[in-house]
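no sequence on this one, just coordinates:
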DNA sequence: TGTTGTACGCTTACATCGTAAGCTTTGTCA
DNA sequence: TGACAAAGCTTACGATGTAAGCGTACAACA
C-alpha cells in the first residue's frame, strides 16, 4: 500500500538478544501460551516473519528464553559452605521462577541446554565435589534437590491464589461445593490448616528442602555414600 | 460427497468414557501435542465436532484424561504402615506416569480436580493422619513428597534416552561437542558416573524418596512438628 | 563517487488447529 | 404413524507457525 514505508520507526535493529528480551517480557505478562510470533513481532515493531532471521523457529526461541532464565539464578561464590550454598541456590531458583512462571516446566524439560544452563550445572556440581561429596553422592544430591525444587515450583505456580487470605476464601468456596460427608480428611486439612490465618503454601518450601539437606548432610558426614551400590542390570 | 454415509461402522455410540479412553490412547502414543480434536474424532470414526456432544471443550477433555490417570494410581489399603504406604504410592505414581508421560506436568497443574483426584488426595491424607501425623505435619509430608515425586517424573520424562546404554552413548556424543576445558565438573560426573555400565537415572528416584521418608519418620517419632511455628504475616 | 553483495525486513500463502452455528439423521415412545 | 430429542455432520471463521520469495538499505570495494 504505502509505497516506501521507512520500515519501523527505526527503533534500532533487531537482534537475537532483543528478540529474547521482548519474548520474556511478553511471557512474563500473558504467560507462555499468549506468546505468539505475531504478537512478539508487533511488540518489536516488526512483522512476524522478520523474527525468523534471528531465531530458527519457535522452539529455538523458547530454548533461548529458558537459557536466559537459567542465567538469572544466583550462583553462590565457590567455596561457600555447601549447605548454605545449596539453600541459597534453591531459594534463588524459586525467586527467579516467581518472576518467570512460564519457565517452570521448561527448565527441566528442554533437551538442548544452552551455555547458561551448562554453566549453572557445572558450578553446582563443582561446589558439591569441592565440599567432599563423592561423585555418586553428588549425583544423588543434584537429582534429589532439583526434582524437589522444580516440583515444588510447578505445584506452587498452578495454585489459583497468591496470598493467604485469598487461599482461605477460595478454599471455603470450594469446600462449600463438595458433599459434606465426602472427602473428610481433605476437609479437615483444609479447615484446620489451610484456612487458618497466616497460612501460606510457600512456607512449605523450606520444610521439604531442609528434610533433603539434613539427609544429605548425614550422608556426607559418614564420608561414604551408603546407597551407591548400583544394581548391575 | 457420498450421499448417505452409514455413519461410522456402527462401532456403538460415542460416550464421554469412550472419548476419554481414545484420547488417552492417542496421547500415550504421539504425546499430548499430537492429540487434536480431528484426529481423536477420526480415531473414533466420527467427525471432530461430534466430540463436543460429550466434552465441553479441549480443556475439559484434558481434565477428564488427567482425572482418569489419577484413578490409575494404586492406593495402599487403609491401615498399611505409613512409610510402606507412601513408598508404594510413590512408586505407583512413577509407573503410571511411565505409561502416560504426557500427564506428568498436568497432574499438579490442573485447577479443577475431578473425583479421582479428590479421592486420591483424601485417601493419602487419611492414611497419614491415621498413622499419627499431626495436621501440619501431614501438610508438610504431602507437599514435600508430591513435589519430589512429580518433579522427578518431569525430569525423567524429558530425558532423551531410555536405557543405560543409550544414555552412555548419547552422553559421549554430547561431551564430544563441548570444548574440552569447559565445564570440567559436568564432564567428570558424566564420564565417571553417567557413562559407567549399569547406570540408570531411574535409580536416583528411591534415593531422594528415602531421604524424605527418613526425615518424616524422625519428625513423627518426636511426636511433634518442629517447624510448625508459622510466621504470622 | 558509483557499484554491488548481502543481511534484514516484508508480503503472501498454506496447512492445521479449536470451535461456533445450524442442519440432518436416528432411535424411542405415544 | 408422528413427534421429539439426542447424536452426529457440514460449513465456516479466526488464530497460529512457518515456507517461499521479494524489496531495500547499507557497507565494502572500485
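Received the coordinates, thanks. As the structure is a computational prediction, the values presented were derived from the model and not from experiment.

What are the phi and psi values at the residue nearest in space to the middle of chain A?
Most central in chain A under Cα atoms, centre = their mean is residue A:104, positioned 3.6 Å from the mean C-alpha point. When quoted as degrees, to the nearest 10, the phi and psi of residue A:104 stand at phi -50, psi -60.

I figured it hits residue A:154, correct?
Yes: with contacts counted by Cβ atoms under 8 Å, residue A:104 reaches residue A:154, the gap being 5.3 Å. (Each C-beta comes from the backbone N, C-alpha and C, glycine too.)

Flag the shaky bits of chain A, pLDDT-wise.
For chain A, the stretches with pLDDT under 70 are A:1-12, A:160, A:162, A:224-233.

same thing but at 50, please
In the predicted model of chain A, residues A:1-11, A:225-229, A:232-233 satisfy pLDDT under 50.

Helices of that one, residue ranges please.
Remark: helices assigned in chain A by DSSP state H are A:16-30, A:37-43, A:58-72, A:82-99, A:104-107, A:115-130, A:135-157, A:164-177, A:184-189, A:204-221.

quick one, which of those helices is nearest to residue B:63?
Among the helices of chain A, helix A:164-177 comes nearest to residue B:63, with 15.2 Å by Cβ to Cβ.

Tell me if that closest one is near chain B.
Yes: using Cβ under 8 Å from any Cβ of the partner chain, helix A:164-177 reaches chain B at residue A:164.

residues near the closest residue to chain B within chain A, how many?
Distance from chain B to each residue of chain A (Cβ to the nearest Cβ) is smallest for residue A:151, at 2.3 Å. By other Cβ atoms under 10 Å in any protein chain shown, 27 other residues sit near residue A:151.

Now do the end-to-end distance for stretch A:151-168.
23 Å (Cα to Cα, to the nearest Å).

Buried ones in it, by neighbour count?
By neighbour count with 16 or more other Cβ atoms under 10 Å in any protein chain shown, stretch A:151-168 contains the buried residues A:151-158, A:164, A:167-168.

Also stretch A:184-200?
The neighbour-count check on stretch A:184-200 (16+ other Cβ under 10 Å) flags A:185-190, A:193-195, A:199 as buried.

Out of those, which comes closest to DNA strand C?
Closest to DNA strand C out of the buried residues of stretch A:184-200 is residue A:186 (29.4 Å), distances taken as Cβ to the nearest atom of the strand.

Give me the distance between the nearest residue to that closest one once chain neighbours are set aside and residue A:181.
Distance criterion Cβ to Cβ, 6 or more residues apart in numbering or on different chains; nearest residue to residue A:186, sequence neighbours excluded, is residue B:122 at 4.5 Å. Noted for residue B:122: a distance of 12 Å to residue A:181, by Cβ to Cβ, to the nearest Å.

between those two, which one's more packed in?
A count of neighbours by other Cβ under 10 Å puts residue B:122 above the other of residue B:122 and residue A:181, at 19 against 7.
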